[in-house]
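# any chance you can model this:
(one chain, ligands or ions: 1)
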Amino acid sequence: MSDNFRAVQVSEHVYWVGAIDWPVRNFHGYLTGRGTTYNAYLILADKITLVDTVKKPFTGELLERVASVVDPGRIAYIISNHSEMDHSGGLPAVIEAVRPDKVFASANGAKALQDHLHLDHQITVVKDDQQLSLGNLDVTFLMTPMVHWPDSMISYLAQDKLLFSQDGFGMHLASTERFADQLDQDVVTQEFAKYYANILLPYPGPVSKILTKLAGLNLPLAMIAPDHGPIWRRDLDGLRAQYAKWAAREPTRKAVVIFDTMWHSTELMARAVGEGLAGGGAVAKLMRLDVSHRSEVAAELLEAGALLVGSPNLNNNVFPTVADVMTYLRGLRPANLIGAAFGSYGWNNTATQQLNNMLTEMKVEIVSEPVSVKYVPDDQALARCRQLGELVATALKRICKD
Ligand code: FEO
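A predicted model of the protein is given here:
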């Protein structure tokens, strides 16, 4: 084993021993434009403990970072906070290398680890609020089902006032710096929001529940250490308030207009819708889907109040790029949106009604019948598109508090 990869001490007893994935760009459909990290943490307690592992190809990097501080064979415990493969893929090889006394996970985690990894090793199940003695230090487990998976839990190291938050408070951002305050704050803000929009948006209830529980426990907190991206050590109340705001999803005057186009008719319509939105006092963001990734759309939608969708009719269907993004957004279940559909067609006018149905299925409040145009919009048709934008802007004024 070389000593190329070193651990980084992040608190009195904790070292970061994760891996940096600089080139990854596709994270199960999420465009990770700035790469990511898979964070694992080593607690140097009487019982030396590893918190989470890494994606399978990075296991050597993890073990090398551990070896820069301590012989990996001295690890007594492994805590698996989350069984998704980016955090558990390395677990079988780590167990093989380390031969730990115990591996801890939630009840769902124990099952999920077996279903994924088919381990020979017995998993010790831990419960909500259970405390684990590491000898001189203690870890408390808090169950956080659906933040991000049914198995998810977080772990609190009281002596260092440090919360291992797994996917929660994470972001996809590769960096050599380990703390958020060492990085460009615009990038941090952008990637933090993008991560919430693409990973945690479907789960406002579970997010609110754990935030309420943490507030009630009033744990002294000096650091939040997620499983992706940098560690937080400043304004931890502000972070939690930001999550609470996103979970509440209060509508704003921002309207996201997504569309694609074959011969620029739907594009002309989208531009007219955008002008109507702006004229009516809304903030319009137009995203043409041949150049905007689905995960960027999700990020834009995070703080929006309206979603307008435009598509040409292609072989009696919604255009493929539009269908892709709508399928993705339906899964993310953004709440409290109003919206409408528009588009152009040649001889069969079907796509806009399909879009309308998709919006209805997403529980978007439809404010207008779809606006459809045969072939190329004339001035009258563009005026109807502009009116659609103005109508949505007026509706946003009515529902927004600001
Ligand atoms: Fe980073 Fe849900 O895994």
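
# count residues in the vicinity of the closest residue to residue 228 other than its chain neighbours, would you?
Once flanking residues are discounted, residue 228 sits nearest to residue 170: 3.6 Å by CB to CB, 6 or more residues apart in numbering. Placement of C-beta: from N, CA and C, glycine included. Residue neighbour count, defined by other CB atoms under 10 Å, stands at 26 for residue 170.

# which SS state does residue 170 fall under?
Counting by DSSP: H, G, I helix; E, B strand; the rest coil, the backbone at residue 170 sits in coil.

# measure it to the ligand for me?
The gap separating residue 170 from the ligand is 7 Å, by CB to the nearest ligand atom, to the nearest Å.

# report the separation between that residue and residue 300.
20 Å (CB to CB, to the nearest Å).

# ok, residue 310 - contacts?
Contacts for residue 310 were tallied using CB atoms under 8 Å, 6 or more residues apart in numbering; they are 257-261, 266, 269-270, 273, 322, 341-343, 355.

# switch the cut-off to 10 Å
257-261, 265-267, 269-270, 273, 286, 288-289, 319, 322, 340-344, 351-352, 355, 370-371, 385 (CB atoms under 10 Å, 6 or more residues apart in numbering).

# from those, which land in helices?
265, 266, 267, 269, 270, 273, 322, 351, 352, 355, 385 (DSSP state H).

# Throw those into a markdown table and include neighbour count, thanks.
Shown next, in a markdown table, are these (neighbours: other CB atoms under 10 Å):
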| residue | neighbour count |
| --- | --- |
| 265 | 21 |
| 266 | 28 |
| 267 | 19 |
| 269 | 29 |
| 270 | 27 |
| 273 | 30 |
| 322 | 27 |
| 351 | 29 |
| 352 | 26 |
| 355 | 26 |
| 385 | 25 |
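
# and of those residues, the nearest to residue 164?
Of all those, residue 164 sits closest to residue 322, with 39.8 Å by CB to CB.

# that closest one touches residue 270, doesn't it?
No: in terms of CB atoms under 10 Å, residue 322 does not count as a neighbour of residue 270; the distance is 11.2 Å.

# got the residues of the protein near the ligand?
Within the chain, the positions adjacent to the ligand are 82, 84, 86, 87, 148, 149, 167, 227, 228 by CB under 6 Å from any ligand atom.

# and for residue 280, the neighbour number?
21.

# got any residues that touch both of residue 322 and residue 270?
Common contacts of residue 322 and residue 270 (CB under 10 Å, 6+ apart): 258, 259, 260, 261, 309, 310, 343.

# of the residues of the chain next to the ligand, just say which sits nearest to residue 333.
Using CB to CB, residue 148 is the member of the residues of the chain next to the ligand that lies nearest residue 333, at 14.2 Å.

# which residues touch the spatially closest residue to that closest one that is not a sequence neighbour?
Nearest residue to residue 148, sequence neighbours excluded (CB to CB, 6+ apart): residue 167, at 4.2 Å. Residue 167 sits next to 81-82, 84, 86-87, 144, 147-149, 152, 154, 195, 199-200, 226-228 when contact means CB under 10 Å, 6+ apart.

# can you name the residue of this protein nearest the ligand?
Taking CB to the nearest ligand atom as the measure, the chain has residue 84 as its residue closest to the ligand, at 3.5 Å.

# please report the number of neighbouring residues for the residue nearest to that residue when sequence neighbours are not counted.
Ranked by CB to CB, 6+ apart and with sequence neighbours excluded, the top spatial neighbour of residue 84 is residue 149, at 5.9 Å. A count of neighbours around residue 149, defined by other CB under 10 Å, yields 18.

# same thing with residue 190?
Each residue near residue 190 was counted by other CB under 10 Å, and the total is 16.

# host element of the nearest residue to it once chain neighbours are set aside?
Nearest residue to residue 190, sequence neighbours excluded (CB to CB, 6+ apart): residue 299, at 7.8 Å. Following DSSP states H and E, one finds residue 299 within helix 294-301.

# can you check residue 330 too?
Here residue 330 sits within helix 320-332, counting by DSSP H and E.

# just to revisit the earlier point, quick one: strands adjacent to the helix or strand just after the helix holding residue 299?
Sequence-wise, the next helix or strand downstream of helix 294-301 (DSSP H and E) is strand 306-310. Applying DSSP bridges, strand 306-310 is found paired with strand 254-259 (parallel), strand 338-345 (parallel).

# and the ones you listed as JSON lines, adding mean neighbour count and mean pLDDT?
Formatted as JSON lines, the strands paired with strand 306-310 follow (neighbours: other CB atoms under 10 Å; pLDDT from 0 to 100):
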{"stretch": "strand 254-259", "mean neighbour count": "26", "mean pLDDT": "98"}
{"stretch": "strand 338-345", "mean neighbour count": "27", "mean pLDDT": "98"}
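
# out of the ones you listed, flag the one nearest residue 139.
Of the strands paired with strand 306-310, nearest to residue 139 by CB to CB is strand 254-259, at 41.3 Å.

# relative to helix 294-301, how tilted is the closest one?
Here strand 254-259 runs at an angle of 150 degrees relative to helix 294-301 (axes from the mean of the first three to the mean of the last three CA atoms, to 10 degrees).

# now strand 254-259 and helix 320-332, what's the angle there?
Here strand 254-259 points in a direction 140 degrees away from that of helix 320-332 (the same axes, to 10 degrees).

# mind checking how far strand 254-259 is from the chain centre?
20 Å (CA atoms, centre = their mean, to the nearest Å).
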